[in-house]
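1. predicted model, plus sequence, below.
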Amino acid sequence: MALPIRPELLRELRRRQGLRLHTLAERAGISKDSVWRIENGMQPGNREDTQRRLARALNVEPAMLTGERPLPEVAPVARGRWTVEVSEAARNAAILAARRYRVGEALIVELAPLLFVLAAEESLGRRRALLAQLETALGKTAEAGEEMPHLAGIGEAGEAVRAAVVAEERSVAARDLFARDLDPDMLAALGDGGGDGGADNPLAVFLAENARRVSIGAPDLARVAQVTETGASAVLCGAEALEAAGGDAALAAAIVSGRIALGDMPRALWAGEAARLDWLRDQIKT
């Protein structure tokens, strides 16, 4: 009979691959309870069949589970300094979000590109869906217009809208997140309904709607003021800012707006409210 599986090695290999207990159990064809007992030293796991199944699921040799062979080396993650200027408000938001969700600030920075891509693609998908709805509505309008030739201006209005639809389709296809490629004269032809590339740009509208949605159950969690090509302005983690400010609304507002740089505050002050509030108030004075 084989040597028993070492619980710490099984846990480490599962952790490296980011597998949940039930996922590993399903891959190996072993019950979740058995895997749990092996990981916690309550079952030896010295059956060769069990070891082969777990090793195959983890893509390692069975001897690595028993300690007879060392675990494969983990390649170090290449890291470098990235000098990017951000507002103090954004920096504060990252610090407050890290505290809210009990994660490191570095993780928030690491995830930022992924989350931006997801938001950008969802924004484009929303525009595609709205275009499909608009195309359907235009078709119905054209059908109705043929029955009402006495409405002289309906044809011209429809042409202006169709031109805007074609331009929007091209904008989406080009992944133009801020609709900057849309012709201002064409938008003006739509009358008061024409938007602009500032606060009304598609990405800003999409993010603002999502901020409102997630804030329903958590007031002051997220509010988007502006998102443009040059930067973003949002109020995030208002409750955490108020807590950090000891309930002082003025101090919380200064944190959210970036007038106070939380990144400059000694980390030890998070543990002591009185000293922290003194430091925060001093920052406003200076």
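-> All right, it came through fine.
2. avg pLDDT for the helix or strand hosting Ala97?
-> Ala97 is part of helix 88-101, with elements assigned from DSSP states H and E. Averaging pLDDT along helix 88-101 gives 93.
3. could you do stretch 134-144 as well?
-> 78.
4. now do the longest helix seen in the chain: distance to the chain's middle.
-> In the chain, assigned by DSSP state H, the helix with the most residues is helix 105-146. Centroid separation between helix 105-146 and its chain, computed with Cα atoms, centre = their mean, to the nearest Å, is 17 Å.
5. between that helix and helix 88-101, how many degrees?
-> 100 degrees (axes from the mean of the first three to the mean of the last three Cα atoms, to 10 degrees).
6. what's the first helix or strand after helix 105-146?
-> Assigned by DSSP H and E, the successor of helix 105-146 is helix 154-173.
7. in the following helix or strand past that following helix, what counts as buried?
-> Next along the chain after helix 154-173, taking DSSP H and E as the criterion, comes helix 184-188. Neighbour-count burial for helix 184-188 flags Leu187 (criterion: 16 or more other Cβ atoms under 10 Å). C-beta coordinates here come from the backbone N, C-alpha and C atoms, glycine included.
8. quick one: the strands in the stretch 151-286 of the chain, in order.
-> For the stretch 151-286 of the chain, the strands defined by DSSP state E, counting those that start in this stretch occupy 222-228, 231-236.
9. CSV for these, including mean neighbour count?
-> Compiled in CSV, those are given as follows (neighbours: other Cβ atoms under 10 Å):
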stretch, mean neighbour count
strand 222-228, 18
strand 231-236, 17
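10. of all the ones you listed, which one comes closest to Glu12?
-> Closest approach to Glu12 among the strands of the stretch 151-286 of the chain is made by strand 231-236 (35.3 Å; Cβ to Cβ).
11. for that closest one, packing partners?
-> If you count contacts as 3 or more Cβ pairs under 8 Å, 6 or more residues apart in numbering; DSSP states H and E, strand 231-236 packs onto helix 88-101, strand 222-228.
12. excluding sequence neighbours, find me the nearest residue to Glu168.
-> Closest residue to Glu168 apart from its sequence neighbours, by Cβ to Cβ, 6 or more residues apart in numbering: Leu131 at 6.0 Å.
13. any low-confidence regions in the stretch 101-250 of the chain?
-> Within the stretch 101-250 of the chain, the stretches with pLDDT under 70 are 142, 145-158, 189-199.
14. contact partners of the helix holding Ala97?
-> Contact with helix 88-101 is made by 104-105, 107-109, 232-234, 236-237, 240-241, 244, 255-263, 270, as judged by Cβ atoms under 8 Å, 6 or more residues apart in numbering.
15. could you turn the buried ones of those into a ChimeraX selection?
-> Those of the contacts of helix 88-101 that count as buried under 16+ other Cβ under 10 Å are selected in ChimeraX with:
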select :108,232,233,234,236,237,240,241,244,255,256,258,260,262
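16. spit out the contact partners of the nearest residue to Leu269 once chain neighbours are set aside.
-> Spatially, and ignoring its direct neighbours in sequence, Leu269 is nearest to Arg276 (4.2 Å; Cβ to Cβ, 6+ apart). Shown in contact with Arg276 (Cβ under 8 Å, 6+ apart): Ala244, Gly246, Met265, Leu269, Trp270.
17. where does Arg276 land on pLDDT?
-> pLDDT, read off for Arg276, is 94.
18. kindly report the same for Thr23.
-> 88.
19. can you classify it by secondary structure?
-> What DSSP: H, G, I helix; E, B strand; the rest coil gives for Thr23 is helix.
20. neighbours of the residue lying closest to Gly67 once chain neighbours are set aside, how many?
-> The shortest distance from Gly67 to any residue other than its chain neighbours is 4.9 Å, reached at Arg6 (Cβ to Cβ, 6+ apart). Residues contacting Arg6 under the criterion other Cβ atoms under 10 Å number 17.
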